[in-house]
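> build me a model from this:
(chains A and B)
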Amino acid sequence: MNRTKKVTRAKTDPTTVATVWHSMQTICREMRHVMDRTAQNYLISQLHDVSVGIWGAKGETIAVPEGLPTQFLGSGFAVKSLVEKFGGDIHPGDVFLTNDPYHGGHCCHLPDWAFFRPIFYKKELLFFTMVRAHQQDTGGSFPGGYFPNGFDIHAEGVIIPPTKVISKGRERTDVLELIWNNVRFPKGTRIDNYAMLAATKRCEQRVVAMLDNYGRNVVLDCVEQMINRTERAIREEIRKIPDGTYTGEAATDDDGTVLDEPVWVRAEITIKGDEMTIDLSKSDAQRKGFINSIYAATYGDAFAAVILIFDPALAEYHNEGTMRPIHIIAPPGTVVNAQYPATVGASPVNVGIQVMEAVLEALSKARPERAVAAWGKHRGDYVFGFNVRTNEKYVRTSFDYDGSSGAVAGFDGYQGVSCLTALGAVRRGDAEEMEIRLPWRMVRYEMLPDFTGAGRWRGGPGIHWSAINEGSDSGVATGSSDGDEVQGFGALGGEPSPKSRMHLLRGAERIRVKPHRMATIMHGDIVEKLSSGGGGVGNPAERDPQAVHEDVENELVSLQAAREVYKVVIDPATLQVDEKATRALRGGR
Amino acid sequence: MKRKLAKKRVAIDVGGTFTDCLVLDELGELTKFKASTTPRDPSDGFMHALEKAARHYQSDVRGLLATVDILIHGTTLATNTLITGQGARTGMITTKNFRDVLELRRGIKPVDISLYNVFIPPNRPLVPRSRRLGIEERVVYTGEIVTPLNEREVVEAVTKLKQDGVEALAVCFLHSYKNPKNELRAAAIARQVAPDMYVTTSHETLPMWREFERFNTTVVGAYVGPVVSHYLTKLKTRLEDAGFKGAMLMMLANGLVQPVEKCIHRAVHLLDSGPAAAPSAAVYLGKLLNRENLLAVDMGGTSFDVSLIKGWEIPTTTENWDGDQRIAIKMVDLETLGAGGGSIAAIDSLGLLKVGPQSAGADPGPACYGRGTQPTVTDADVLLGYIPHDYFLGGEIPLDLELAKKAMNVVAGPMKISPIQAAEAIFKSVNAGMADKISEVSTKRGHDVRECVLVAGGGGGPTHGGFIADLLGMPTVVIPSFAALFSAFGMFAMDPGEDFVRAFFARSTGVDLDEMNRLFQDMEREAKQSFRDVGIAEKALTLKRTADIRYVGQFHEVETEVPGGKLKRAQLDATVARFSARHEELFTFAMPWQPVEILSLRLKATAPRAPFHLREIVKGVSNPKAALKRRRKCRFDGKDIDTPVYDGDRIQGGNVLMGPAIVEEATMTVVIPKGFRCQVDAYKNYVLTRQKKAAATRGR
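Numbers count the residues shown, from 1 in each chain, chains lettered A, B, ... in the order given. Down below sits the predicted model:
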């Protein structure tokens, strides 16, 4: 492998810098498009549980426009260890695969498989591209990868350390078959893997064309300039936060092994001038249960949270420069820096979300004008059963049951976007599509009134999702759920996100199913999921009465809640705001 | 070979600023007219354009219309109604317990906003929750009605919505594409209860599964429906009052035309009516030049539309978003960038120059028009000497150079550069943005832009086209003399036609060929009837069958051609093989070992358009000096260059212009950059050819 030559030319003009930058973003969007159109996994194609990006030859983050933060903001670590491990054995046309949280893979949990492709230009390694996506199955004791109580990480599935699966353009079929042989849906996984490989190939084609077009030095200079510009802007943003130390904390219901005992993540954020240190040392120790997060995942989540409170105009510009002034401390052996052989199956939506919440809670205190409340907790589950219509076994998972986002200073929460760790990168499915594909019939899919964090700006609405099992008796793992007991925080006096629930309706019985458990769904059972919206921002009694009125008209807020929580009196007959009574109730304000 | 037509044909494209009118006379010659658009009642501008045309033929509107047999009309009315939020007060009745499909969408934040930006207002659906009412009924995926329609609830809901002032209603039930009975009955009840309400159903709008996409498309149709139907009804009456007895055809989103009567209740199909015609203008030119792969661009005042055309096929897609609205009908595959002559330049948060998507529009317009103060692309074009300040629209609008220069200071100050340098930076930046959009569009569809001809239309296309081609390394640019009336021309250049679709679902291993044959025959029967209704004979029709195919398990299909006639196993196998080849072409790989699924059978029926030809201009010598109008300083690559300016009216066929050079026409300014050679053909198309090799100019 050649070493990157120093860029010595004169600085490229700003127009070219901006153009190259936008081209990189466009390339990433195209990569996702290729995946979208060709993958067979519901999570990848329809729900976008996918991340793509471009890194420098030494692992510096260049373009990260699309994807789940937990999957890849920390992927620079993986690129670095890849370069270390394979040293001189990286060639044009090579592709590497890994899903390993440990051994240099830095993947957050086993279902997320990553393909890395080095991009060479005139025999010089200049970039890496990566696609990471949640596979339909990754082996282990139960389908889907989100089940509790594995003995150790080996029980959670096949572990692939960084492995060369394509060598100089030739597929190492025996190696891939060894891997596919260890998952439950090898044919489907093969299709998805080819879709991922195609995306990295498209990236290589486009980046090389860009290098042809502008020249190597110009492109590298543009990258360097963009990183420096972003770093300057981020330091400027940090300087806007008063020096000091701010704290936040968040918990998950339990670790799935020791039941009903919350596990805490605690953040202490220190601002000094233009530098920020996020210290997570006071978080709980690593657990036996499957909620542990590795450092690269913790790093990605913490960054994603910090980015939210910066100027939104910077949203499309984040790169290595964002990361330079921010330091993240998470000591080994804690639940935010788990060590081999800790289980990590539920890490993204359990400890992962808590890292984001703890950081956001602290920063919402530090920069109230940019406060961001918690979103509704993730309410996912994995159902595995048999589809009599097609004579095939199936695994169903989705983001359909999630509530909505939390409020921010200035706006109510956005409706329907999935949990905080996904930030809206993932999607819901269509009821019709699910009914055609799987032996389930939807009973209800609507927003639920009075089921979100109230506030001057309220959280997005909670969701009622229920469906009847018309197929075989099936298993369900609720490992990707949380929030039956713990609540997402509200900011600046806003209320937290309410507690969520899941039930099985079996005849007259209503059986509660908690997060992080396994259960059986009988043929004919109705699964009912009541998923809360996000937290509120600001005192609900300061909410604009007209906004409360609109919510009442839309049956999202009851008359009773309008009066008791928002202190707005609405006449039940005319549905008009009684301004006088409202003023009196609000203490004359 | 000139064939004489019995009557005249007219195409009228009502845009945001201008109403373009093209008349094809009995001798097959085209003449262009332009009138101002009248936003309050666009039928006024429509009639003004006809008046201008009538004067040219020394007649009045009545006299002109008596000699016209076909009038094709495109309008931005539906699109404008949607983007400006001026649609009807709309209600929705839907399957009980599913009233929020429209609001939850697919959990999608606005498609063009980064996921790291959470400081955005929540989605505001076109129909608020209070006007979305659930009705007891349920159809399942097999089409079976498991819960019959509760008719009493429909009556109550429609009564309530009527009292609430609702003008348009969308009836949207689950799985109605499979069994429309409940939707049809509910719509019939609604029409009884509220006879003045504009009522649409989801299965008629888009008979396809996936409820969010179908419902949202239906609601958009309901929202724009009353405005569109009111306008069309009024226009139809005005034309009939003026004695028009010919056929009036509307330009549709899918790039085909349909009789106006059929469109009044299918308003959603009139989105992008107008721009959707542009690609067929490009196809016409492509055929003239015998080039199959084209990139058609249309640079107007606020937006830049791009479409990639391969093998003279107009590309279509069902993946459209119009702002926050998902529109899932088949539409011409146009991608739009917020860049045009009115695009405003500003300095962004990282201190970089950004051009668009904000636009000064028609009001206040670019600074040089005299009302605005923000620097725009047109201001840059004027300062660089490209657009003549004294001959804009043939001198109709005088431009103020000083105001343009003054506006430049908004960006020149912070960047510490001179106004002329700022103008250059804006010009380069907007060109780079357009070039990027083009490469995104082409690579997304698996194409190398350098193998395509750039067809530059719209008011700005002739000025910027050469520079964009230069950035992309494209060897050829074609600028037609009707560039500024690109869409209206496209309406002539296209074949009238109609799309049909049927839901179908089968794996290739177990296809019910009889059912497939039956559905295709059914659509063919419908197509023939439909064309017979407008006087087009069966034998003139071209019927093209396609099927949406995917590998088992995939979620997205590739539209693949299906042979005509009775289908047997062999034809089916050939179709599957064609699908695999296309998959590899689009996505770099194929999986021949994997079984496929066939769904959504489609039929496109077209009839040949009336023959016409462009007027030939006087043939001259290669030296263009007879057309030289003046010389002026223009800025190319940081240098002021004394540039020859030619008079478009005196240009002759066969003239060769070496860049840098400028041609001024009343409706456009053609800029031939340095390094390009422009050959004028017999129809006054400006064909620019790059003289240097690709990839040499960037990143200097």
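
> separation between the closest residue to A:Arg216 other than its chain neighbours and B:Val111?
Spatial nearest neighbour of A:Arg216, excluding adjacent residues (C-beta to C-beta, 6 or more residues apart in numbering or on different chains): A:Tyr121 at 5.9 Å. C-betas here are computed from N, CA, C, even on glycine. Look at A:Tyr121 and B:Val111: by C-beta to C-beta, to the nearest Å, they are 32 Å apart.

> shouldn't A:Ala296 be within a helix?
Yes - secondary structure assignment places A:Ala296 in a helix (DSSP: H, G, I helix; E, B strand; the rest coil).

> circling back: could you measure the residue nearest to A:Arg216 against chain B, distance?
Using C-beta to the nearest C-beta, to the nearest Å, we find A:Tyr121 at a distance of 14 Å from chain B.

> and that residue, its phi and psi?
phi -130, psi 120 (degrees, to the nearest 10).

> the residue of the stretch 51-200 of chain A found nearest chain B: neighbour count?
Nearest residue of the stretch 51-200 of chain A to chain B: A:Ala198, at 4.5 Å (C-beta to the nearest C-beta). When neighbours are counted by other C-beta atoms under 10 Å in any protein chain shown, A:Ala198 registers 22.

> who are the contact partners of it?
Contact partners of A:Ala198, counting by C-beta atoms under 8 Å, 6 or more residues apart in numbering or on different chains, are A:Val34, A:Met35, A:Thr38, B:Phe587, B:Thr588, B:Phe589.

> and the residue nearest to B:Ala194 when sequence neighbours are not counted, which helix or strand is it part of?
Distances taken as C-beta to C-beta, 6+ apart put B:Lys162 closest to B:Ala194, at 4.6 Å, once the chain neighbours are dropped. In this structure, B:Lys162 sits in helix B:151-163 according to DSSP states H and E.

> so is the helix ranked longest in chain B next to chain A?
Using DSSP state H to define each element, chain B has its longest helix at helix B:211-241. Yes - against chain A, helix B:211-241 shows contacts by C-beta under 8 Å from any C-beta of the partner chain at B:Glu211, B:Phe212, B:Glu213.

> look at whichever residue of chain A sits closest to chain B and say how many residues are nearby.
When scored by C-beta to the nearest C-beta, chain A has A:Gln40 as its residue closest to chain B, at 3.1 Å. By the measure other C-beta under 10 Å, the count of residues near A:Gln40 is 24.

> residues contacting it?
Contacts of A:Gln40 by C-beta under 8 Å, 6+ apart are A:Gly188, A:Ile191, A:Asp192, A:Ala195, B:Tyr551, B:Val552, B:Gly553, B:Gln554, B:Phe555.

> among the residues you listed, which are in strands?
B:Tyr551 (DSSP state E).

> identify the farthest-apart pair in the contacts of A:Gln40.
Greatest spacing in those, by C-beta to C-beta: A:Ala195 and B:Val552 (14.1 Å).

> check the stretch 201-350 of chain B for the residue nearest chain A and tell me.
With C-beta to the nearest C-beta, the shortest gap between the stretch 201-350 of chain B and chain A falls at B:Ser349, namely 3.9 Å.

> chain A versus B:Phe520, what's the distance?
22 Å.

> tell me the secondary structure at that residue.
Looking at B:Phe520 with three-state DSSP, the answer is helix.

> just give me the neighbour total for it.
For B:Phe520, the neighbour count with other C-beta under 10 Å is 24.

> and it, what's its pLDDT?
What the model reports as pLDDT for B:Phe520 is 96.

> neighbours of the closest residue to it other than its chain neighbours, how many?
Once flanking residues are discounted, B:Phe520 sits nearest to B:Arg545: 5.7 Å by C-beta to C-beta, 6+ apart. By other C-beta under 10 Å, 22 other residues sit near B:Arg545.

> what sits against the residue nearest to B:Ala194?
B:Val193, B:Ala194, B:Met197.

> give me the buried subset of these.
Among these, those classed as buried by 16 or more other C-beta atoms under 10 Å in any protein chain shown are B:Val193, B:Ala194, B:Met197.

> now do the end-to-end distance for stretch A:103-115.
16 Å (C-alpha to C-alpha, to the nearest Å).

> check whether it comes near chain B.
No - counting by C-beta under 8 Å from any C-beta, chain B is not contacted by stretch A:103-115; separation bottoms out at 13.4 Å.

> make sure A:Val175 is actually in contact with A:Ile166.
No - between A:Val175 and A:Ile166 there is no contact under C-beta atoms under 8 Å: 9.5 Å.

> neighbour count for the two, which is higher?
A:Ile166 (20 against 16).

> where does that one fall, secondary structure wise?
Secondary structure from DSSP H and E places A:Ile166 in strand A:163-167.

> by contact count, what packs against that strand?
Strand A:163-167 is packed against strand A:95-98, helix A:173-180, with contacts defined by 3 or more C-beta pairs under 8 Å, 6 or more residues apart in numbering or on different chains; DSSP states H and E.

> in JSON lines: these, plus mean pLDDT and distance to chain B.
Formatted as JSON lines, the helices and strands packed on strand A:163-167 follow (pLDDT from 0 to 100; distance: least, C-beta to the nearest C-beta, whole Å):
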{"stretch": "strand A:95-98", "mean pLDDT": "98", "distance to chain B": "13"}
{"stretch": "helix A:173-180", "mean pLDDT": "97", "distance to chain B": "13"}
